[in-house]
Every structure is written in structure tokens, then in C-alpha cells.
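1. this one's sequence-less:
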């Protein structure tokens, strides 16, 4: 009960900050219950029946999970545009096959950045996938243990001890791997089965020690139970999405708490623990699986239609509990207990029209309908998110400050013409006929394939990463934002452009929180420095994201001063070998186009961004750094935003952004002449 409510609250309101550890508590409980069933089966039959075990698992897990997958996809088709609903459909296939955790790991999904990136309404199926992968292997190990026990004519106690020793070894290996991988690749570690097995294994180990735990003195049980709840409560407060070391070692806290609560309950219900034994807690525990399945799709899909607020919370809560109750009573429970005879009788009753409905079933149906009506009512009275949408108020320009709006007086003719197009786009209330379409941009490449290839790990940025043969030689360094600008720069006449940029590898000394990238990133930066020293280019263009990941070993982002301090040593190494150093500011990141455009109800005003304060702070620091080294800082706002700092999602008929930080490949081509004009006016080329 506690686990599902904390997960739900964390996902809905972001509080408690560590509510997501409810999943870790789930893992321990699941490992204990399923292993206990396996061991009892082995004792009764002499060994594990794979057919019976997997059939029971299928009946318990698959019906409700499949219904939610189907309904989520149908809702996605109705609410989202095709490019987004297609992604949901792919996620559903992976989830149905119980491998969605690997899908999200491969995609580079960051669970803790769910509010800052386009998130799948089926992302929560990752935990279900890990559980089923664990239960695909663990019964086989118990089966082998049973064979060894039978061959040696050992007793039940021997079976338990051998199973416990095996699981203890698995826990040690998995926890060790989790600690290593959390430090090396935390995003991957979060979804990695091998980094999570120790949590399920902890519950399994408790099941193998059930005989010993049952002998715990009665007086000690309340202490263990309340201590376990205290550890879980502490984890809800102490752990957050900024915590370094999750899932390991921080997950040890909620896992230990769950283990203590379970240990206290072995051998009889903890009569002292009324918090867990009251009827409300028991019922929420009964529907917890269904509630977990439905709550996340509702939050994500409804969240694209409503702004946060009381109406949103009521809509989500009522819908989630209504659908969870319906799923538990009409899908999950009946099919879990069904056999051939009951199914045959039910089909016969439906055909003959003699299907009887009990009073309790009717009451449940009324309750479900009532909750859904409340949800629809809250949605109906919501403040409309799109009808009265309008661009935010313009920023006040402050001369000489990077946080000011675009100074029209300093723009060349091409820049002024682009500003006219931007101003017109900001007045649009309907989507024009975009060329290419927004769907094509969002489903297409972020940059030209040959440029993207040069920015990949393991690629030697040799001659194939050089374009043009003009007299002015330009070297581009930085992260994926630099590769985006490379597309535009190589379109300029009279230049030769060489890219040393690497995705997720800023041209700074500090290591961002992606330790697995360290060898490749350090090597690429050193290669860039050596290339610049040996070729002595006319211009070095530096572009990095103004939204870098935090330092390794820190739970906070870079400050502008730290950013400058980290970049300065690299600049000192190349200053003597460069004609001009140019700091080309990244696009001002605002709204995420994949979110604001995703629904069929979206309108252009909802996709108007505004230059963020953190972008302005980084821009000011970088401008000062450019002046200190005799370089040039290029303001990118005239290329993307109006004089008031408002940034449309399309200009003319061209989509501007690929996501919330990268410009689209077609827009990069569109503004190439404008970028060239800006460089000429700054005496760079």
C-alpha cells in the first residue's frame, strides 16, 4: 500500500522526492512472495513445475498488463499525432515482450529527467520487465537445486540453505555491479536488469530463511516492523532525483526497510502494525498492481491536455483509482482465478443472456462509473490550455546585456528579413503547411548523416570530417550543438569546415555525469587540441549546450563561473594557434517541440518559447570569457527569437527545433546565409 501511494504521489506531484523508491520496495516484496511459492511448490511436488509456475504468472500478470497496453495505445492514437502515437505503439510491443527496460536503456532515457523530456506513457513497464526476466531464470535455479538435493537425499532444510547460498551470491554480484554501473553510467544502471536483481534477490533470500525468521521473538517483531517503515520513510525524504548513487548504493535504504517489515511478518501477521492491516490499506494493497499499471499513462496523457493544478490532480486521481478498481475486479482477479469450467460457463451465460450480476459486482461498477464521472467533470471544467493561449509578454531589452532582446539596429539585411519572418510566425494561431512537415523533422535525422557520423563515439575525425576547399579554414569543437552548427557552416561559400565535435562531450575540462564517456571524450578533446595546434586554422568555433549535466560526484548543475573556469585551460592551449576564437551561442532552449506539438489539439501559441534565465546567465558568462581571450561571442537569438525574446516553433514554413535544445536540420540550412552574414559583420570571415 505504502509503495504504490508514494510512487503515485511522486509521479503526480513530485512529492515525496524519493517516492519512486516504492518500486524498490515492490521488488523486495515480489521476490519474497514468488520465491516462497516456488519453494512450497518444490516441497509439495519434489521439484518446480515450470508449466504451472509460468501459467500462474501469465494469469497473474499478462491480462491486466495487456489491457492497459491496448488502452494506452488507443488513447495515444486519439490524443497524439501519428509521430508520437507510433512511438507509443513501439513501446507497447517491447513492454508486451517484457523487455521494455532494455528499450529505455538503449534509447538513453533518463528516468529522473521525465519532466524535462518527452516521456513514454509506458515507461513504468520497465520494472515489470525486470521482474519477469528475473522469474524466467530463478525457477530454473531452484529446479537445479532441487535435483541436487534429491540426488544427495538431503532434507528440506538443505534445500533452503543451498537456495539461500545461491541467492546470497547473486545478491553480492548484482549489488557490486549496481554500485559500479551507477557510478559509470547511472542512466543505464537504472534500467539494467543485472543492476536490479539484488533487490528482488533480497526478497528471495528472506523466503529461503522463512523458518529462521519465524522464530524471531514476538517482542522483537514490532521493533523490526517500525524500524523498517522508518527506513522506508527516511528514503522518501533523503533520496531525490538529484541523488548521486541511485540505484546503488542508495537503494539499500528502502530495500533494507522492506526486508525488515517482511521479516517481522513471517510466521504470522504483525498484529501490532495497524497501519498496514486496516481495511483501507489492505484494499489499496489488493489493487496496487492495477493502480501501478494505469496511473502513469493517465498522468502522461492527461498531462499533455491539461496544465498542472487542482483540476488536473482530481482528473488523474479519480481516473486512476476508477480504472484500477475496474481492472482489479473485472480483469485481473477473474482471469487469475479462472479455469476452463468457469470460462465455459461464463461464455454460455453471455450467449443465453442469463448472466447474473451479484450485488457486490453492481456496487463496484457503480463506484467505478462514479469515479470516472468525477474525472471527466474535473477535465470538463479545467482552464482551457489552448483556446486562450497567447505568446508570453515580451522581454524588456537592456542594451549591452546578453539577457536583453535582439537589437534590431545591429542586424544586417538578411537578419532583418529573418526577424520579419519570426514576427509573422509569432502571430500564427493555426499551423501552416510546413515544408518539410513537423512529423518529417521529428522522425528524421538531427543533422546530415555524414556530420552526425563524425560526432559519434569511436569515429576518427579524419579527412571525411572536412568539407569545402575555401581559403578560410574553420574548426568546430564542442558537443551535439556544435555538430548542428556544422551543418550550417559548411554551406557557407569560401570556407573549409572541419568538425572535431563529439555528442555529449563539451569542450571543457570538467567531466560531466557520464563517466562511461570519459575515455572517448578526453581523447576527442585532446585530438581537437592537437589538430588545432598542427593545422593553425583561421577560426575555431566553440559551441556547447548551456544545459550541461552536473559534475560527477555532484547533484547540482554547473554555475556560469564554473563553466568558464573549466573551459579556460583548453582555450589557453589553443589561443596561440588560432586566428580567431568564436563562441557561437546555442539556440535558446524553451519549450520541447515533441511535447507541445504532440497532441491533436496543439496550436502554434502553445509552442512559443521564451529565452530562459539560465541561458541568459550562461550567455553573459561566455560573452565575458570571449572578451577576455580576444575572441568573438555570437548571439544566436536573432536566428531563433524575436526582439522581445520570443521564439516560435516555425519560421516561414520551416520547423525550427528538433527537440528542446537542437535546431532542426532544415532550419540549419535555412539560416546558413544569416549565420554567414553575422560572421562577416563580426569580421570573422
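-> Right, received. Where do you want to start? All of these numbers come straight from a predicted model, not from anything done at the bench. Numbering: from 1, shown residues only.
2. any idea how far residue 166 is from residue 53?
-> Residue 53 is 18 Å from residue 166, where distance means C-beta to C-beta, to the nearest Å. The C-beta positions use only the backbone N, C-alpha and C, and glycine is treated the same way.
3. hmm, I was thinking of residue 334
-> As judged by C-beta to C-beta, residue 334 and residue 166 stand 36 Å apart.
4. And the two? Which one has more around it.
-> Of the pair residue 334 and residue 166, residue 166 is the one with more neighbours under other C-beta atoms under 10 Å, namely 19 against 14.
5. Which element, helix or strand, includes the more buried one?
-> Using DSSP states H and E, residue 166 sits within helix 156-184.
6. Output the contacting helices and strands for that helix.
-> Judged by 3 or more C-beta pairs under 8 Å, 6 or more residues apart in numbering; DSSP states H and E, the packing partners of helix 156-184 are helix 22-45, helix 125-151, helix 186-191, helix 197-208, helix 210-213.
7. angle of the longest one against helix 156-184?
-> Compare the direction of helix 125-151 with that of helix 156-184 by axes from the mean of the first three to the mean of the last three C-alpha atoms, to 10 degrees and you get 150 degrees.
8. For helix 125-151, the averaged confidence score.
-> The average pLDDT within helix 125-151 is 89.
9. who's in contact with residue 648?
-> 422, 425, 426, 428, 604, 607, 608, 609, 642, 656 (C-beta atoms under 8 Å, 6 or more residues apart in numbering).
10. From these, which land in strands?
-> Using DSSP state E, residue 609 are the members of those that sit in strands.
11. I only care about the contacts of residue 648 that end up buried; give me the ChimeraX line for that.
-> Here is the ChimeraX command that selects only those of the contacts of residue 648 that count as buried (16 or more other C-beta atoms under 10 Å):
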select :422,425,426,428,604,607,608,609,642,656
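12. Same list as before, the contacts of residue 648 that is, but in a markdown table and with distance to residue 151 and pLDDT included.
-> Formatted as a markdown table, these follow (distance: C-beta to C-beta, whole Å; pLDDT from 0 to 100):
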| residue | distance to residue 151 | pLDDT |
| --- | --- | --- |
| 422 | 78 | 96 |
| 425 | 77 | 96 |
| 426 | 78 | 95 |
| 428 | 77 | 94 |
| 604 | 73 | 94 |
| 607 | 68 | 93 |
| 608 | 72 | 94 |
| 609 | 69 | 92 |
| 642 | 79 | 93 |
| 656 | 70 | 97 |
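13. What is the nearest of the contacts of residue 648 to residue 180?
-> Closest approach to residue 180 among those (C-beta to C-beta): residue 609, at 39.3 Å.
14. Name all residues that make contact with the closest one.
-> 588, 589, 590, 591, 641, 646, 647, 648, 649.
15. Now do the contacts for the first one.
-> Listed by C-beta under 8 Å, 6+ apart, the contact partners of residue 588 are 609, 611, 612, 615, 636, 637, 640, 641, 645, 647.
16. What subset of those residues is buried?
-> The buried subset of these (16+ other C-beta under 10 Å) comprises 609, 611, 615, 636, 637, 640, 641, 645, 647.
17. in the sheet, who's paired with the first one?
-> The reference is to residue 609. With DSSP bridges applied, residue 609 shows beta-bridge pairing to residue 647.
18. pLDDT weak spots in the stretch 1-150 of the chain?
-> For the stretch 1-150 of the chain, applying pLDDT under 70 flags the ranges 113-117, 150.
19. Between the contacts of residue 648, which sits nearest residue 289?
-> Nearest to residue 289 out of these is residue 607 (C-beta to C-beta; 37.3 Å).
20. Cool, thanks, talk later.
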